[in-house]
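Chemist: All I have is the shape, not the residue letters:
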């Protein structure tokens, strides 16, 4: 395609794919300088676009491979709770086990020997609620004269 600068006294013709891609110039020295600036601008824009895509790719890969966060695990558990629940109780047991409040509760409670049935359950299944439960959600709903309770737990469950 031939492009022209549009001036009657001096016409500069260039063969380019598109007249808009290369600026039309009247002075050949100025034309070379402007072409260099245009090429540098394109390089900078291309490098910026590549950098943005690279950063977005790294963030996407990191987000996929880091696994669920506590907030997303909490949200997943809450999805199982009926929307018409009168009360919802959520306990993050990993955080609760680290709190000084749990130590105070243990001090207040009477100490008793471990139940033999629970000990047998732990031996048979390998599951101990004190060690393996991470989060628990309970929902209470009233239905006329009755009450429904839904409990959902997150933890390490070994399916043997």
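Modeler: Everything's here; your move. Being a predicted model, the structure only gives us computed values, none of them experimental. Numbering: from 1, shown residues only.

Chemist: show me the contacts for the spatially closest residue to residue 121 that is not a sequence neighbour.
Modeler: Excluding its sequence neighbours, the residue lying closest to residue 121 (Cβ to Cβ, 6 or more residues apart in numbering) is residue 127, at 7.5 Å. Just so you know, the C-beta spots here come from the backbone N, C-alpha and C atoms, and that holds for glycine as well. Each residue near residue 127 by Cβ atoms under 8 Å, 6 or more residues apart in numbering is listed here: 121, 156-158.

Chemist: Show me where the chain has its helices.
Modeler: 28-65, 70-78, 93-98, 100-108, 116-125, 129-132 (DSSP state H).

Chemist: Reformat these as TSV; add mean neighbour count.
Modeler: Listed next are the helices of the chain as TSV, based on neighbours: other Cβ atoms under 10 Å:
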stretch	mean neighbour count
helix 28-65	10
helix 70-78	13
helix 93-98	13
helix 100-108	9
helix 116-125	11
helix 129-132	12
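
Chemist: show me where pLDDT drops low in the chain?
Modeler: 1-30, 63-64, 67-71, 159-160 (pLDDT under 70).

Chemist: Can you give me the domain boundaries for it?
Modeler: 2-65, 70-155 (automatic domain parsing).
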